[in-house]
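> Structure for this input, please:
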Amino acid sequence: MAEPKPEQVELLQQEQPKELKIQIKRVGSETVFPTMGALGSVNSDGASISVHLYYEQNTLTSATHHIIDDEGVADIRQGREEPRESHLTRFIHSSLILTPHAARIIGEWLIEKSKDAGKVEKQIEEKRKKEETNHGHDGDTTKT
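As a prediction, the model looks like this:
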């Protein structure tokens, strides 16, 4: 195979794009879910990772027992109540299958965004504290 002439190499280099433009379009069917965590594992093929996103809430369970009379009627004003139980329920709302590379990129992106959010949160908190301090003084510096 023949080596390209220097002028051909220069021409090929000039034709390479200087930037890559990626357009982002919404599919139109996406749904926003509150997400509090993720669970999952590496799939058996080792080439993908299953991720299940969830939200969680406390669930209270209780029951009352009522006696049914001979006519088949229960007096719901009277009854025996079972002790209440509380437990946490995780509701999986979405699942993802990611390549290890995609998982790493998304993880790094999330960490970066969480740091940015923390900075904004800190600025808001500092502003709130400053406003509270300023509201505590009405401009009168004399002591009574």
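
> So which elements touch the top helix by length along the chain?
Secondary structure of the chain per DSSP state H: the longest helix is helix 100-135. When contacts are defined as 3 or more Cβ pairs under 8 Å, 6 or more residues apart in numbering; DSSP states H and E, helix 100-135 packs onto strand 49-61. Every residue, glycine included, has its C-beta placed from N, CA and C.

> Show me what the helix or strand following the strand it packs on packs onto, helices and strands only.
Helices and strands here follow DSSP states H and E; after strand 49-61, the next one along the chain is strand 64-65. When contacts are defined as 3+ Cβ pairs under 8 Å, 6+ apart, strand 64-65 packs onto strand 80-81.

> Pull up the pairing partners for the strand it packs on, direction included.
Looking at strand 80-81 with DSSP bridges, its partner strands are strand 64-65 (antiparallel).

> how close does the residue most central in space within the chain sit to Glu81?
Closest residue to the average C-alpha location of the chain: Thr35 at 3.9 Å, with Cα atoms, centre = their mean. Using Cβ to Cβ, to the nearest Å, Thr35 is found at 35 Å from Glu81.

> buried sites along stretch 91-106?
By 16 or more other Cβ atoms under 10 Å, the buried positions in stretch 91-106 come out as 98, 103.

> what's the span of that stretch, first residue to last?
22 Å (Cα to Cα, to the nearest Å).
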